[in-house]
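> With the input below, show me the fold.
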Amino acid sequence: MDDQLTSKLTSKSQVVIPKAVRHKLDLRPGDRIRYRMHGKQVVIEKVTKQPIDDPFIAFDEWASAQDEAAFADL
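This next block holds a predicted model:
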């Protein structure tokens with residue numbers, strides 16, 4: 001049986017990643033996570049490498065979740 005954990009979505013669409021998940025993925029403050037969508041399922045994984053061709057890598061003022069969502073399809 002798989003472990004099941006839950007989180008609550010805030011009014012700003014933010015969520016706290018449960019401690020067990022942070023530990024399993026070895027997540028630390030500032031780490032990036034990736035969401036892979038498969039049908040109605042989503043897999044969360046730690047991003048271990050930053051893409052070299054990311055032209056915005058030096059602009060951390062554009063690194064909020066809202067900015068990521070706004071520029072996701074570009």
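
> I'd say residue 47 and residue 32 touch.
Yes: with contact defined as C-beta atoms under 8 Å, residue 47 and residue 32 form a contacting pair (4.0 Å). C-beta: built from backbone N, CA, C; applies to glycine.

> for this structure, what are the low-confidence residue spans?
1-2, 50-63, 74 (pLDDT under 70).

> where do the helices sit along it?
Assigned by DSSP state H, the helices in the chain fall at 19-25, 65-71.

> which stretch among the ones you listed comes nearest residue 13?
Nearest to residue 13 among these is helix 65-71 (7.4 Å), distances taken as C-beta to C-beta.

> Tell me who's in contact with residue 43.
35-37 (C-beta atoms under 8 Å, 6 or more residues apart in numbering).

> out of the helices of the chain, which comes closest to residue 9?
helix 65-71 (12.0 Å).

> can you pull out the strands in the protein?
Taking DSSP state E to define them, one finds strands in the chain at 33-38, 41-46.

> would you turn those strands into JSON lines with distance to residue 67?
Formatted as JSON lines, the strands of the chain follow (distance: least, C-beta to C-beta, whole Å):
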{"stretch": "strand 33-38", "distance to residue 67": "15"}
{"stretch": "strand 41-46", "distance to residue 67": "19"}
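
> Of all those, which one comes closest to residue 4?
That would be strand 41-46 among the strands of the chain, by C-beta to C-beta, at 13.6 Å.

> Of the strands of the chain, which is nearest residue 69?
strand 33-38 (10.8 Å).

> From residue 73, how far out is the residue nearest to residue 35 when sequence neighbours are not counted?
The spatial neighbour of residue 35 that comes closest, neighbours along the chain excluded (C-beta to C-beta, 6 or more residues apart in numbering), is residue 42 at 5.4 Å. Counting by C-beta to C-beta, to the nearest Å, the separation of residue 42 from residue 73 is 17 Å.

> So for the two, which residue has more residues nearby?
Taking other C-beta atoms under 10 Å, residue 42 and residue 73 do not tie; residue 42 has more neighbours (9 against 5).
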